[in-house]
Each structure stands twice: as structure tokens, then as C-alpha cells.
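> take this sequence and fold it.
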Amino acid sequence: DSTPPSFSDFEYQAASVSSGSSNSQQSSSNSQSQFIKREHGNIRINGESLNLHAHAVLKSDGSVVAWGDGNTGGNIPNSIDFSQGGGVKEIFESGHAFATLQNDGSVLTWGNSGQGGNSSSVQHLLTDVKRIFSTSKAFAALKNDGSVVAWGTGNSGGNIPQNLTNKLDSGVVDIAVTQDAFAAVKDDGSVVTWGDSTRGGDSSSVANQLNSGVSKVYGNDSGFAALKNDGSVVTWTNAPWYSAALNAVRPYLNSDISEVYASRGDFAAIKNDGSIISWGNGASSSGLVIKDLQTLGSPVKEIVSAHGAFTALTENGKTFSWAGSWGQSLGGNGPSLTDVKDIFSNAGSFAALKNDGSVVTWGRSDYGGNSSSVSAELSSGVKHIYAASESFLALKDDGSIVVWGANTQGYDNQLKNKIESAGVKDVFANNRV
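Residues are numbered from 1 along each chain as shown. You can find the predicted model right below:
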């Protein structure tokens, strides 16, 4: 493994918010945390990318630094010249490889050669690329002309089937992903899927419902959900562990859906009246959760999730949490709170910011669900909360910060004092810290 650089040795590109949320699902390694609410969306520093075993950063001088497992992108081959094509615009990742989108629309790749790190077979097609999407072992490039180019492991969507090539040679406006499948949304409202059938790559069972009228597709690890212009939702996967949930929820998805949220293994939807529906392997023992307005007391304005649990925030500041049996310890058994201003989550816990500036936490204790060690500091004056994968940071009105949870190595009172004395303007988190 290569050694991480000292971050005093270089500066990131100008920091900015990259708002990929569960709605866009731009990459599978991000999908582990895309649904985590950080700053009303997924946040990372522009130029930073990390897959399951390696990390890559775009420096302010246009060069790229990588470290971690050399076989999955931690070592950059000497043959790659990041200055070509006008330099690097953005870095994307699959689970085991990296791809850079160059300023001229070309693409460079490295990492595991069979899982997206080698794009030589399609290199001649990788021109005028607009954006790159990925599953765990494959990439798909959306070009400015609306066509799609894919490479990587075939069963992860790296090979577009011959019978679909003509459907993907124009008109594509967006791509959603699961762990091992892609779903392309076209400008005529139709959807084209490919990849692992147990992860949503086979949509033949609902093909007649995906021919038109789709406005957005959402993906979690196992399957897809398509929100249509008429307010209905079409959801599919051939995963055997999902069949009961799909059968249970479909009668409730025919109309009046306004928003859809995806967690790692589940979906949740807000209806026009503010009631909610949730389905998936971890939503409950039956795979289905329904909460009407009488139960909620007020319309739901937002849903936030950890890996195995959801929390809804109503317009009158109340919270409701739920999960299947395995998600209870990840926040599904959360308290019913009132007077809540906002909810945040990481991979296994939740933090509620109340209107009086205090914070309440629950979920996996070592991921920040237990904040007893900093409870006095969180009792008042908190302005905002930021989340990494396994920890939280609270920014207070007086400019001080409070950190708790796992993976906070390197954070101590000396660093805290240094940060606070410099003044905190904004906070950025990645999938690890």
C-alpha cells in the first residue's frame, strides 16, 4: 500500500459542495453514504475521491495524488498523464478503480483492470463525456450527445447488451445505479436497465410501466424505484430477499407520491398529503411501513436515513424512526422528539438539532449515537451538524466545534484550538472521516 501524503504539502482545489444525493447516485462507493445527510446533500471536497480501498485527490496544480491498495487505484501508473485533455476536471470512483473526466471530455482510468481500471476497449468512444457513473465494479460515461459508454465487469454493468445499444446511443439524460446495475433515464421518459438482474439490471417485469413518463430513478444496493410524472412509483429487482417487500408495497405506489428516498437497502416515499411509505428488506419484518397523518400528527417534510434505519421529521418538529430488526440498533428505535429543527445521520446513527440549540443523538453508540462524553457541550448553542461516515461534528454559535463518534484519530485539544482560533467558515466530510 502506498503511504498517504502529508496534507501540509499541498492544497485542495477550491473547496466546493458536490451535491450528489441518493437522488443521483453518481457512484457505488458513494452510495454507501449518499443517503447520509450531511449538509442537505452529500458533501465532499471538490477533487477528492475514494473507493473501497484507495483514496485519490486532485491537487491545485492539476496533478493527482493517490494512496491505499495499489491494486485498486492506490498506485497511479507512470503512463498516465493527467495534463492531457486540458487537465483533470473531476475524479470518479467505482469500488475498485478510479476514472478522471478531463476538461476536454476524455477519460483516464486506473485501478483493478477488470473492474473499471482499464478502459482501453472503449477508449476511442470516451470523448465529449459529460459525467461518469459507477457500480461496484464498472463505470458508465454519459456523453453530451446523450449516448452511454460502459466498461468494467460485465455482470456489474460493464458490458451493455447488444440488444440495448441502440437504446443507449442517444437521448439519455441521467443514470441511476445500484451495487451492480445501471438504469438510464431518457428524454422521452423511458428507462433502460442493464447489469446484475438481482440488483435491478433486469426490468422486464415492469417494462410496460417504464416506457414513458418517468421523471427520476433512485437506486439503493439491491434495486431501483422510478418516480413518474403522474405521482406513481415503479420499483423492481430480482433479488429474492426483496420479493416480499415489492409485493407488499406495490398497491400503495399508484399515485400521489411527491418524494422518494433511498437508503442502503430500502426506500421511503413521502406522499402529497405528507404521509409516508417505506419498503425494503430492512424497513420492517414485513418489508413495509406505512405512517398516515393521524399517526404522524403533521405532514412529513423530510426523511433521513442511516444504513439500516430511517427518521422522518414533520413540519411541526416531531420525529419518527423505524427499521427492521437488524436496523434497530442503527437508529430504528430512536426516540420520538419534539421541537426539532433538523436531522442528520451517518452510517449508523442520527443527530437531531433542536430549536433551542441542543442536540439529541441515538443509534450505534460508537458511531456517535452515544454523545454522553460531550453532552454538556451539546446542551445549547449548536448552529449546525456535519457528519462523516462514523462520526459527527457540531459547529456552535461562538465558533467552537464539538466532535464525537468513531474514526476521529488525530483530533485532540491542540487541533481543536488550532481550528477554532483560525475561525470555522465551513466543514467538509468524506466517506471515512
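> where does the stretch 51-200 of the chain have low pLDDT?
51-52 (pLDDT under 70).
> how about the strands in it?
Counting by DSSP state E, counting those that start in this stretch, the stretch 51-200 of the chain has these strands, from start to end: 54-58, 64-68, 88-93, 97-102, 107-111, 129-134, 138-143, 148-152, 172-177, 181-186, 191-195.
> TSV for those strands, including mean neighbour count?
All C-beta atoms are positioned from the backbone trio N, CA, C, and that covers glycine. Shown next, in TSV, are these (neighbours: other Cβ atoms under 10 Å):
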stretch	mean neighbour count
strand 54-58	24
strand 64-68	19
strand 88-93	22
strand 97-102	26
strand 107-111	26
strand 129-134	23
strand 138-143	26
strand 148-152	26
strand 172-177	24
strand 181-186	26
strand 191-195	26
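> any chance of the ones you listed in a markdown table, with distance to L313 too?
Output for the strands of the stretch 51-200 of the chain, formatted as a markdown table (distance: least, Cβ to Cβ, whole Å):
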| stretch | distance to L313 |
| --- | --- |
| strand 54-58 | 33 |
| strand 64-68 | 36 |
| strand 88-93 | 31 |
| strand 97-102 | 35 |
| strand 107-111 | 39 |
| strand 129-134 | 30 |
| strand 138-143 | 33 |
| strand 148-152 | 37 |
| strand 172-177 | 25 |
| strand 181-186 | 28 |
| strand 191-195 | 30 |
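> remind me, longest helix of the protein?
helix 413-422 (DSSP state H).
> quick one: which helix or strand includes the nearest residue to L246 once chain neighbours are set aside?
Distances taken as Cβ to Cβ, 6 or more residues apart in numbering place T235 nearest to L246, at 6.2 Å, with adjacent residues excluded. Take DSSP states H and E as the rule and T235 turns out to sit in strand 233-236.
> what's that strand packed up against?
strand 224-228, helix 243-249 (3 or more Cβ pairs under 8 Å, 6 or more residues apart in numbering; DSSP states H and E).
> would you single out the least confident of these?
Of all the helices and strands packed on strand 233-236, mean pLDDT reaches its minimum on helix 243-249 (a mean of 88).
> contacts for that one next, please.
Here helix 243-249 makes contact (Cβ atoms under 8 Å, 6 or more residues apart in numbering) with G223, T235, W236, T237, I277, W279, G280, N281, A283, S286, G287, L288.
> out of those, which are buried?
Among these, those classed as buried by 16 or more other Cβ atoms under 10 Å are G223, T235, W236, T237, I277, W279, G280, N281, A283, G287, L288.
> all strands for the stretch 301-433 of the chain, in order.
Here the stretch 301-433 of the chain has its strands, by DSSP E, counting those that start in this stretch, at 309-314, 319-322, 340-345, 349-354, 359-363, 382-387, 391-396, 401-405.
> of all those, which one is nearest S255?
Nearest to S255, of all those, is strand 309-314, at 20.3 Å by Cβ to Cβ.
> returning to that earlier point: can you list the strands of the stretch 301-433 of the chain in JSON lines and add distance to N78 and mean neighbour count?
Below are the strands of the stretch 301-433 of the chain laid out as JSON lines (distance: least, Cβ to Cβ, whole Å; neighbours: other Cβ atoms under 10 Å):
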{"stretch": "strand 309-314", "distance to N78": "46", "mean neighbour count": "26"}
{"stretch": "strand 319-322", "distance to N78": "51", "mean neighbour count": "22"}
{"stretch": "strand 340-345", "distance to N78": "41", "mean neighbour count": "21"}
{"stretch": "strand 349-354", "distance to N78": "43", "mean neighbour count": "26"}
{"stretch": "strand 359-363", "distance to N78": "45", "mean neighbour count": "25"}
{"stretch": "strand 382-387", "distance to N78": "37", "mean neighbour count": "21"}
{"stretch": "strand 391-396", "distance to N78": "36", "mean neighbour count": "23"}
{"stretch": "strand 401-405", "distance to N78": "39", "mean neighbour count": "22"}
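> can I get those in JSON lines with distance to A207 and mean pLDDT?
Listed next are these as JSON lines, based on distance: least, Cβ to Cβ, whole Å; pLDDT from 0 to 100:
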{"stretch": "strand 309-314", "distance to A207": "29", "mean pLDDT": "92"}
{"stretch": "strand 319-322", "distance to A207": "32", "mean pLDDT": "92"}
{"stretch": "strand 340-345", "distance to A207": "35", "mean pLDDT": "95"}
{"stretch": "strand 349-354", "distance to A207": "38", "mean pLDDT": "96"}
{"stretch": "strand 359-363", "distance to A207": "39", "mean pLDDT": "97"}
{"stretch": "strand 382-387", "distance to A207": "38", "mean pLDDT": "91"}
{"stretch": "strand 391-396", "distance to A207": "43", "mean pLDDT": "90"}
{"stretch": "strand 401-405", "distance to A207": "44", "mean pLDDT": "91"}
